[in-house]
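1. With the input below, show me the fold.
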Amino acid sequence: MGLGGTWDSAPYRPADIDAAEAAVQAALDSGITAFDHADIYRNGKAEAVFGEVLARTPGLRERITLQTKCGIRHGDGERPGMYDLRGDRVVRCVEESLTRLRTDHLDVLLLHRPDPLADPRDVAKALTSLQEQGLVRSFGVSNMSAHQIAHLQSHLDFPLVANQLEMSLKSRDWVEAGVLVNTSGAAANGFPAGTLEHCVDHGIRLQAWGPLAQGSFSGRAETEAERATSRLVAELAERKGTTPETVLLWWLQRHPAGIVPVIGTANPERIRACGDAVRRAPELGHEEWYELWVTARGAALP
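-> Numbers count the residues shown, from 1 in each chain. Okay, here's the model as predicted:
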């Protein structure tokens, strides 16, 4: 999301391509070979500068997994922002993303947000056509519940492979939902029950967006709970010989659901700080994992 310069309609600059190339190289140096996009990021410029990097680097496309998302439309003049998963629009968005990314296929396409008006038969027809044409190899969803996934899957002859959700030590509804059952706090938790379990049982890879919590525990703490958690994260990082960023990613990776963090930063230094999450298995014990959770909650578990 951070690639491509500004969010307005101004064109990207050569410096934006250089910045994208530096971010990609930092990722590769860290062992990261999967790249996640969306057609709306920087109004398409994030994909476009990434395409410029691919054009500059022969052979890179064959070394990476390329994923993008579609389905969100920003507001334009009097038209409000909306979600749009009409089949013909999905196909058009993919074609436009392929052009910007300068590639002939996507490894994965995610449907970015649920569209209440989407007809799953129409969506399935579009996805099937994209796969048959060789334009997209696999499909998944983002920000969807178990029931929404199952409903769409019932119209497809191939499996959905991923569900990308906001998951971090700060955005904890996904884990809180599992322990608030039969408590007064359950009603306030918006995470759809059973979604993690559904994904695990059906081989749908859970991808975590925002896994570093926008720096809340690694330099941008605002609340007392965030400051206490930041201190604990720093202590654990020093004890384990790694970085605070890695500790935060380990907290997600330690969960048995097999969560894959999708880091959003374009800062090469911060990307490299995540490298141990690729190179080393999560080194958090049971008690350490819970200590991080309870500290971040700012209250004892029920």
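2. How about the contacts made by residue 22?
-> Going by C-beta atoms under 8 Å, 6 or more residues apart in numbering, residue 22 touches residue 268. Where you see a C-beta, it was placed from the backbone N, CA and C, and this is true even at glycine.
3. Dihedrals phi and psi, it?
-> phi -70, psi -40 (degrees, to the nearest 10).
4. likewise residue 161?
-> When quoted as degrees, to the nearest 10, the phi and psi of residue 161 stand at phi -110, psi -10.
5. Could you do residue 164 as well?
-> The phi and psi values for residue 164, taken as degrees, to the nearest 10, are phi -100, psi 120.
6. separation between it and residue 26?
-> Counting by C-beta to C-beta, to the nearest Å, the gap from residue 164 to residue 26 is 22 Å.
7. secondary structure class for residue 182?
-> With DSSP: H, G, I helix; E, B strand; the rest coil as the basis, residue 182 sits in coil.
8. domain parsing for this structure?
-> Using automatic domain parsing, the domains assigned to the chain come out as 1-160, 167-302.
9. TSV please, covering the ones you listed and showing mean pLDDT.
-> Output for these, formatted as TSV (pLDDT from 0 to 100):
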stretch	mean pLDDT
domain 1-160	97
domain 167-302	96
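10. picking that back up, neighbour count for residue 164 and residue 26, which is higher?
-> Taking other C-beta atoms under 10 Å, residue 164 and residue 26 do not tie; residue 164 has more neighbours (25 against 21).
11. Can you show me the helices along the protein?
-> Secondary structure of the chain (DSSP state H): helices at 14-29, 45-56, 87-101, 120-132, 146-153, 173-176, 195-201, 224-240, 244-253, 268-272, 276-279, 286-297.
12. list the contacts for the residue nearest to residue 246 when sequence neighbours are not counted?
-> Distances taken as C-beta to C-beta, 6 or more residues apart in numbering place residue 276 nearest to residue 246, at 4.1 Å, with adjacent residues excluded. Going by C-beta under 8 Å, 6+ apart, residue 276 touches 242-243, 246.
13. In the residues you listed, which residue is surrounded by the most others?
-> Ranking the contacts of residue 276 using other C-beta under 10 Å puts residue 246 first, with 25 neighbours.
14. In this structure that residue contacts residue 273, no?
-> Yes - Residue 246 lies in contact with residue 273 (C-beta atoms under 8 Å); the separation is 6.9 Å.
15. Any idea how many residues pack against the closest residue to residue 122 other than its chain neighbours?
-> Using C-beta to C-beta, 6+ apart and skipping residues adjacent in sequence, the residue nearest residue 122 is residue 87, 4.2 Å away. Neighbour count for residue 87, taken as other C-beta under 10 Å: 19.
16. Please shift the residue numbers so they start at 43 in all later answers.
-> Happy to do that; since the first residue is 43 now, the last one works out to residue 129.
17. show me the contacts for residue 129.
-> Taking C-beta under 8 Å, 6+ apart, we find residue 129 in contact with 161, 164-165, 167-168.
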